[in-house]
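K.L.:
what's the 3D shape of this:
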Amino acid sequence: MLQYLIKTIEHSLSTAILVALLFMIAYGNGTGLSRRAMSAAMAVGAGAAAILSWLIHTTVWINREFLSIGILSVAIVAGLVFIPLSFGVFRKRAPRAHEAVLDASLSLLCVALLVYCLPTVILYPTEFLLAGESVFSTDFLFKAVGYLAGLLIVFLAALALFRTRNGIPGRLLRILLAVCLAINIADQFSVIVQFLLARRIIPMSKGIFAFVKITVNYDNWFLYLILLITLPLPFLLWAINLRPRGSWENPAQHRKLKSTARGIRRYSALILACYVLSVLSLTVVKAYDEREVTLSPAEPMNIVGDRILIPTERIDDGHLHRFAYISTEGTEVRFIVIKKNESAWGVGLDACDICGATGYYERDDEVICKLCDVVMNKSTIGFKGGCNPVPLAYEIADGSMVVQVRDLENEQKRFK
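P.N.:
A predicted model of the protein is given here:
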């Protein structure tokens, strides 16, 4: 649940803020040209992102790395063109050309931002289910709730920003947007540099390495900077709209002004609430979600010759039990046992084919993978597939579970 709440906010909030600011610019110019351009760009960007998501999920035609580099390059160029034009550069010399290029860069920037961001967010639900799991499982429900909560926070933040457009001075809005776009361009440029270095298209140098190291280690700081730049807006709007602005000739007009001011204050409070929730999700909640889980200690067991004997009375309580065997090469090979029902046991290595030997732990009577936090379906433990523990052969004889030492010796490579 928390994982997809965090991922959704982390990946989409900065794009949502930028798109909201672009819409505020477009709907504030009074000409109608940018409004039509922005609305068309929104439709094209969302539609292209939906088609791209489908192609990524159902085909192998799309190389996401090269596609991302192309989209980011377009976004960077469009942003660099848009920033000076938004301040009216060249407007006096060639007003028609200025408006045309401004609308084109505005539209292209919006499309590029949406096409880069949305496919990843749209495809998150495809990660919810592992092999053998049902959409009616508790794990699926929790992931869906986290995902939808993240989308709601991001949507409300963008909507609230847009609805306050009439309360922000135009020049201030352009300055804020220019700074936010510059921060986002730096983030986009770092992604391109990482790709080019990984493909050895550009040589490594100390300066480039230092830049990439900072951007990788502090990736979320680009989002925090955008939040910090736009944070004064709700406070400013609240202060400006404590009283109705403008003049009125009758009580009806006065009531309308008061209603407008009250609406802006409410949207300002909503912006602040969404920002606080987002920062808490990316810091406190993320730290909690990624906290280190300590595996329970291994329980004692009897080794008789080439067999390991575990009395069934010690493992028939329906809880997870962990055991460890030291191989002839000195490797600790762990395995887990849990009674699934009256006649079946789940026995497997404390490792899986996907996450490796990170292990499993019990939380609220559920078995959880330590690395990916996936909840195991107890009925499938002991079978191959997904994040299930690697099955381990056993038999029940004379009141004990019997595991062959050779089976553990053969699996020691997983724990090295």
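K.L.:
check contacts around the spatially closest residue to Asp219 that is not a sequence neighbour.
P.N.:
Spatial nearest neighbour of Asp219, excluding adjacent residues (C-beta to C-beta, 6 or more residues apart in numbering): Asp187 at 7.7 Å. In this view, the C-beta of every residue, glycine as well, is placed from N, C-alpha and C. Contact analysis of Asp187 by C-beta atoms under 8 Å, 6 or more residues apart in numbering lists Ser14, Thr215, Asp219, Phe222.
K.L.:
Same check on Tyr275?
P.N.:
Tyr275 makes contacts with Ala157, Leu227, Leu231, Pro234, as judged by C-beta under 8 Å, 6+ apart.
K.L.:
Make sure I have this right: the second one is in a helix.
P.N.:
In this case it means Leu227. Yes - secondary structure assignment places Leu227 in a helix (DSSP: H, G, I helix; E, B strand; the rest coil).
K.L.:
Identify the residue nearest Cys372 in space, chain neighbours excluded?
P.N.:
Cys355 (5.7 Å).
K.L.:
Look up how far Pro311 lies from the one you found.
P.N.:
Per C-beta to C-beta, to the nearest Å, Cys355 is found 30 Å from Pro311.
K.L.:
How is the closest residue in space to Glu332 that isn't next to it in sequence assigned, secondary-structure-wise?
P.N.:
Computed as C-beta to C-beta, 6+ apart, the closest residue to Glu332 that is not its neighbour in sequence is Ala324, at 5.1 Å. Judged by three-state DSSP, the three-state class of Ala324 is strand.
K.L.:
Look up how far Val145 lies from Ala324.
P.N.:
When distance is defined by C-beta to C-beta, Ala324 is 36 Å away from Val145.
K.L.:
Which of the two has more residues huddled nearby?
P.N.:
Ranked by neighbour count (other C-beta atoms under 10 Å), Ala324 and Val145 place Ala324 first, with 16 against 13.
K.L.:
beta partners for that one?
P.N.:
For Ala324, the beta-bridge partners are Arg334 (DSSP bridges).
K.L.:
And the pLDDT for it?
P.N.:
Among the per-residue scores, Ala324 shows a pLDDT of 93.
K.L.:
Secondary structure element holding the residue nearest to Asp219?
P.N.:
For Asp187, the host element (DSSP states H and E) is helix 170-198.
K.L.:
now the helices for the stretch 151-300 of the chain?
P.N.:
Here the stretch 151-300 of the chain has its helices, by DSSP state H, counting those that start in this stretch, at 170-198, 206-217, 220-230, 232-240, 251-280, 286-289.
K.L.:
Could you give me the buried positions within the last one?
P.N.:
Burial within helix 286-289, assessed by neighbour count using 16 or more other C-beta atoms under 10 Å, is assigned to Lys286.
K.L.:
and Ser247, how far is that from Arg262?
P.N.:
Ser247 is 18 Å from Arg262, by C-beta to C-beta.
K.L.:
gap between Pro169 and Arg266?
P.N.:
20 Å.
K.L.:
higher neighbour count, the two?
P.N.:
The residue with more neighbours, out of Pro169 and Arg266, is Arg266; 15 against 11, by other C-beta under 10 Å.
K.L.:
Correct me if wrong: Tyr288 contacts Leu2.
P.N.:
Yes - look at Tyr288 against Leu2 with C-beta atoms under 8 Å: they come within range, at 7.2 Å.
K.L.:
sorry, back to before: filter the contacts of Asp187 down to the buried ones and hand me the PyMOL line.
P.N.:
Here is the PyMOL command that selects the buried residues among those (16+ other C-beta under 10 Å):
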select buried, resi 14+215+222
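K.L.:
Tabulate the contacts of Asp187 (CSV), appending distance to Ala344.
P.N.:
Formatted as CSV, the contacts of Asp187 follow (distance: C-beta to C-beta, whole Å):
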residue, distance to Ala344
Ser14, 49
Thr215, 50
Asp219, 45
Phe222, 51
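K.L.:
What is the nearest of the contacts of Asp187 to Val276?
P.N.:
Proximity to Val276 was ranked across those by C-beta to C-beta; first place goes to Ser14, at 16.4 Å.
K.L.:
how close does that closest one sit to Ile76?
P.N.:
According to C-beta to C-beta, Ser14 and Ile76 sit 15 Å apart.
K.L.:
One more: Tyr147?
P.N.:
Tyr147 is 29 Å from Ile76, by C-beta to C-beta.
K.L.:
Could you list the low-confidence segments of the stretch 1-150 of the chain?
P.N.:
29-33, 130-135 (pLDDT under 70).
K.L.:
where along it do the helices fall?
P.N.:
2-26, 33-58, 64-86, 95-123, 138-163.
K.L.:
Leu196: which of the ones you listed is closest?
P.N.:
helix 64-86 (8.1 Å).
K.L.:
Show me which positions of that closest one end up buried.
P.N.:
Applying 16+ other C-beta under 10 Å to helix 64-86 flags 67-69, 71-72, 74-76, 78-79, 81-83, 85-86 as buried.
K.L.:
for these, which one is nearest Val374?
P.N.:
Nearest member of the buried residues of helix 64-86 to Val374, counting by C-beta to C-beta, is Ser68, at 26.7 Å.
K.L.:
Contact partners for the residue nearest to the closest one when sequence neighbours are not counted?
P.N.:
Excluding the flanking residues, the one nearest Ser68 by C-beta to C-beta, 6+ apart is Tyr116, at 6.5 Å. Tyr116 sits next to Thr15, Ser68, Ile71, Leu72, Ala75 when contact means C-beta under 8 Å, 6+ apart.
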